[in-house]
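>>> what would the 3D arrangement of this be:
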Amino acid sequence: MAFADKLSLSLDLATVIEDDIIVYPDLPLSVGNEVDLDTGLNRNIQRRSIGERSLGDASVFSGTTARTSRSAQELLGLDAEDMLDALPDLSDTSDKLLRVLAPPDTSDAAIRTMRNVLKNSESRMSKKFKRLCDTFQIPRKLFGNSLYIHRAAVLRTFLGEIRIADVTYGPWRPDPLLQKANLCKLLMTTLNPSGSVESDQTIEELDQIFPTPFLHSFVSPELLVNHAGSSALREDTLKLGLDLRTQYAIMLLTRNLNQDNFDPDTVLYQVFYQARDRLNGWNLTGMRAEEFPEEFEDMVTYRLSLIRQSFPNDPQASRTGQLVDIEHLESNFPREGFVNEVVAWSRARLNELQRQINIVEGDGAENIRRALEHEVHDVSKTYSRIENNTNVHPNSPTVELNYETTSELTRAPTESIETSRQPITSINKLKPSGIR
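Residues are numbered from 1 along each chain as shown. You can find the predicted model right below:
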């Protein structure tokens, strides 16, 4: 990938940690409520209207959903049998879309050409894109009406009420197929040629949940194929997260520029910091603030100094209310450059997912569907045995599903993610005075 500002990162992983709890922070202007499927809490999430959710009855597929949270199923309208049947179609339609949206050539020139073609509604590629989007939506809608597929809700619909972090790895895991579909949605919204309003909504929504729809843990490259849904792109993901956060800050500065008592430094503080002198991280192991390497902290500090160069520091600007030079800011951090970064990162992530999907010969998606069907059947029999034993021996000890969390087959040994070991040469070490 052609990412600049390479970091030298190292993270000890005694286990491959999947983050089970995702906290969606409150935003100032809430448009709707979404239930956090892992904590059961109602949290306000500012997002575009996605219409009424389908409230279907709980599926009785193979008996596995007897212990699945009905609230999660009813919220997203999930049905295990429908989703199982649709997995190969979801994969196939995702592949066709991604050939257009995330081509092998991710140079700036190639991405610019692709975007210009898509903006022309009469072009053959634009018409093909619209047709592929419509075809993609047929299987995609079976996995819920949220912007991105909720992996935890899907797994629980198949497997019952279990901690997602305790689910074993294996060839049955559908995570790569779900994450591939989420990449489609990411690119469909990011490359949307309809206007800046939709782009701003995409930036705002994505900042709250990045990168969890597209990966659930980081591993070293040699462990990638055996840990479905994981990624070795920690360095690039941190870099994209910083670029995303920069675009979010620019959007908020532009939106609030004419508000009374507007203070641009306060906006930067709210976006980039969670407490005084403590940077704001992401809710994923390997990307939390306390795990930031010094190199990345330097990169964030330098980024803030560059942004603040667009804050005129003279009395005349303060008197006239010209507290931010938006044109200068957008010139230094163009939205087009960010979109190119999203496409390049998505292509690199897609390459990882394809390796995980095609780990054995044959149709990878169909292999996963069959393996998942067997896993669901085995879990169903286990639940049935537990319930029968409970009925016959009401005072007998509770039987628990044997989801080992430290098995050599399901968890990675202690490893370090070693990416670029080159010293940082592109970061000016000049420290800004800080946000006050």
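>>> where does the stretch 101-250 of the chain have low pLDDT?
161, 193-198 (pLDDT under 70).
>>> can you pull out the helices in the chain?
Ranges of helices within the chain are 70-76, 80-101, 108-119, 124-140, 151-159, 175-190, 196-209, 234-256, 264-272, 294-308, 315-320, 326-332, 335-357, 364-392, based on DSSP state H.
>>> output these in TSV, with distance to Thr168 and mean neighbour count appended to each entry.
C-betas here are computed from N, CA, C, even on glycine. Below are those laid out as TSV (distance: least, C-beta to C-beta, whole Å; neighbours: other C-beta atoms under 10 Å):
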stretch	distance to Thr168	mean neighbour count
helix 70-76	21	18
helix 80-101	18	20
helix 108-119	39	15
helix 124-140	26	15
helix 151-159	10	24
helix 175-190	12	23
helix 196-209	25	18
helix 234-256	23	21
helix 264-272	38	18
helix 294-308	32	18
helix 315-320	59	10
helix 326-332	47	14
helix 335-357	15	20
helix 364-392	9	16
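>>> mind checking which of those is nearest Leu284?
helix 234-256 (8.5 Å; C-beta to C-beta).
>>> helix 264-272 and the closest one, what's the angle between them?
Here helix 234-256 runs at an angle of 140 degrees relative to helix 264-272 (axes from the mean of the first three to the mean of the last three C-alpha atoms, to 10 degrees).
>>> quick one: Val267 from Ser331, how far?
19 Å (C-beta to C-beta, to the nearest Å).
>>> still on that earlier bit, and the helices of the chain: which comes nearest Leu224?
helix 335-357 (6.1 Å).
>>> distance check, Pro264 against Val300.
Noted for Pro264: a distance of 17 Å to Val300, by C-beta to C-beta.
>>> ok, now His227?
Per C-beta to C-beta, His227 is found 28 Å from Val300.
>>> same question for Met83.
Note on Met83: its distance to Val300, by C-beta to C-beta, is 39 Å.
>>> try Tyr169
Relative to Val300, and taking C-beta to C-beta, Tyr169 is found at 33 Å.
>>> ok, Lys239 next?
Taken as C-beta to C-beta, the span from Lys239 to Val300 is 11 Å.
>>> check Pro104 too.
Taking C-beta to C-beta, one finds Pro104 at 31 Å from Val300.
>>> coming back round to it: I'd like the helices of the chain as TSV, with distance to Val219 appended.
Shown next, in TSV, are the helices of the chain (distance: least, C-beta to C-beta, whole Å):
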stretch	distance to Val219
helix 70-76	27
helix 80-101	22
helix 108-119	28
helix 124-140	27
helix 151-159	17
helix 175-190	13
helix 196-209	21
helix 234-256	9
helix 264-272	28
helix 294-308	19
helix 315-320	49
helix 326-332	35
helix 335-357	10
helix 364-392	19
